[in-house]
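> Return atomic coordinates for the entry below.
(one chain, ligands or ions: 1)
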Amino acid sequence: MSEVFKNRLSQLCTKVGRQIPVWTQGAGGNISIKEGNRLWIKATGYRLDEVKGSVGIAQVDYKKMVEVLHQNDWIESEAEENYAKLIRETTLPGLGLGLASMETGFHALLPGKYVAHFHSLASLLLYHELAKDRARVLKWLQQKTDLECAFVPVCRPGWILSGKIKGHASLYFLESHGIILHSDKDSLVEEWAILEKDFCKDFNYPLLYSLLIETKTFTELFQQFATEPMPFKCYFPDIAVFSERIEKILEPTSTRDHLLFPFSAVDKDRDMAELWLATQLIFQMCPDFKEVPSEITSVVRDLPTEKLRRQRELNHA
Ligand SMILES: [Zn+2]
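I've put the predicted structure just below:
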């Protein structure tokens, strides 16, 4: 990978990865750059803010991956295993390089040079507003941006999600999951940052707006917003993937169904604390926010690609 692109990729990972928990939580999110026949992407199990130089990067023969995905002849019962195998086989070896993640499929399929995917809370709330009043949100987007937008109803991450990312829109809003930014220009992250602030203003989410412009430390944010007990809510797939790990930390309280993430555990498992803080914020801003359907959460933990990711995280935690 040329130095120019290596720097660009780590700069983008840093830019997105420092927006905790409003853009990214734990090791979620993924950014890629295409260079010739190669796709360079954050490696599975790494946090975006860990990507530096060659650390935390995977190299993928993405044209081979696209070729196989386009054949689309896997039978349902074998598709997830085949998809995990495809990711392993198209990840190219190299000194210090990692394994590509389960979301590499759509990074490979989208033709633009830059693809950034993360779990932006504003994008989750935008989809929530879309479900309530589609016409209002579409009209608002039309007035605010020239970028082509696409909406992907809630679905299983990994292979299924890759199959739903069609065309060459610039913004893909993923219901109960996050956003995909796609462009030949790396300025798209800034464009999204402007758009989501406008969304917070126009759709009355002042708390999220303040979080997007403030620079508080994670500890301050956790103390301010996540010390009250609340029910366990699965608002996006990573919560399902790591539910066992979070539940081990959560303590019961005297209020039925309400659980507490003790502040003393924040440093012990920062990734889970970030997921919990994001959950708390959504719950406080939007108590009727729809959870990921149980038919998705029940299978997402056992996807071969997710098992691999959890293993990777333990290995270098
Ligand atoms: Zn994701």
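> which residues touch the host helix or strand of Ile282?
Per DSSP states H and E, Ile282 falls inside helix 270-285. Helix 270-285 is contacted by residues 20-22, 24-28, 47, 119, 121, 124-125, 205, 207-208, 211, 218, 221-222, 225-226, 228, 230-231, 233, 235-236, 238-239, 242, 245-246, 249-250, 261, 265-266, 289, 313 when judged by CB atoms under 8 Å, 6 or more residues apart in numbering. C-betas here are computed from N, CA, C, even on glycine.
> looking at this structure, which helix or strand is least sure?
helix 304-316 (a mean of 62; mean pLDDT, DSSP states H and E).
> hmm, back to that, the contacts of helix 270-285 in helices, which ones?
121, 124-125, 207-208, 211, 218, 221-222, 225, 238-239, 245-246, 249, 313 (DSSP state H).
> Would you point out the most distant pair within those residues?
Across the ones in helices among the contacts of helix 270-285, no pair lies farther apart than Leu207 and Glu313, at 29.8 Å, counting by CB to CB.
> Out of these two, name the residue with the larger neighbour count.
A direct count of neighbours by other CB atoms under 10 Å for Leu207 and Glu313 places Glu313 higher, at 18 against 14.
> Mind checking what helix or strand follows the helix holding Ile282 in sequence?
Sequence-wise, the next helix or strand downstream of helix 270-285 (DSSP H and E) is helix 294-300.
> just how off-centre is that next one within its chain?
17 Å (CA atoms, centre = their mean, to the nearest Å).
> packing partners for that helix?
When contacts are defined as 3 or more CB pairs under 8 Å, 6 or more residues apart in numbering; DSSP states H and E, helix 294-300 packs onto helix 237-241.
> Show the contacting residues for the residue nearest to Asp238 when sequence neighbours are not counted.
Closest residue to Asp238 apart from its sequence neighbours, by CB to CB, 6 or more residues apart in numbering: Gly28 at 4.8 Å. By CB under 8 Å, 6+ apart, Gly28 lies in contact with Phe118, His119, Gly178, Asp238, Leu275.
> Tell me the spacing between Thr219 and Tyr235.
Noted for Thr219: a distance of 22 Å to Tyr235, by CB to CB, to the nearest Å.
> Around Asp271, how many other residues sit close by?
18.
> Look up how far Leu138 lies from it.
Distance from Asp271 to Leu138, by CB to CB: 35 Å.
> same deal with Lys34?
30 Å.
> which one of these two has more residues nearby?
Neighbours around Lys34 and Leu138, counted as other CB under 10 Å, are more numerous at Lys34. The numbers are 22 against 13.
> Packing partners of the helix or strand encompassing that one?
Assessed by DSSP H and E, Lys34 sits inside strand 30-35. When contacts are defined as 3+ CB pairs under 8 Å, 6+ apart, strand 30-35 sits against helix 3-17, strand 38-42, helix 104-109, strand 114-118.
> Below-threshold pLDDT in this protein: ranges please.
Applying pLDDT under 70 to the chain picks out residues 304-317.
> same thing but at 50, please
Scanning the chain for pLDDT under 50 picks out 317.
> And it, what are its domain boundaries?
As given by automatic domain parsing, the domain ranges for the chain are 3-208, 209-316.
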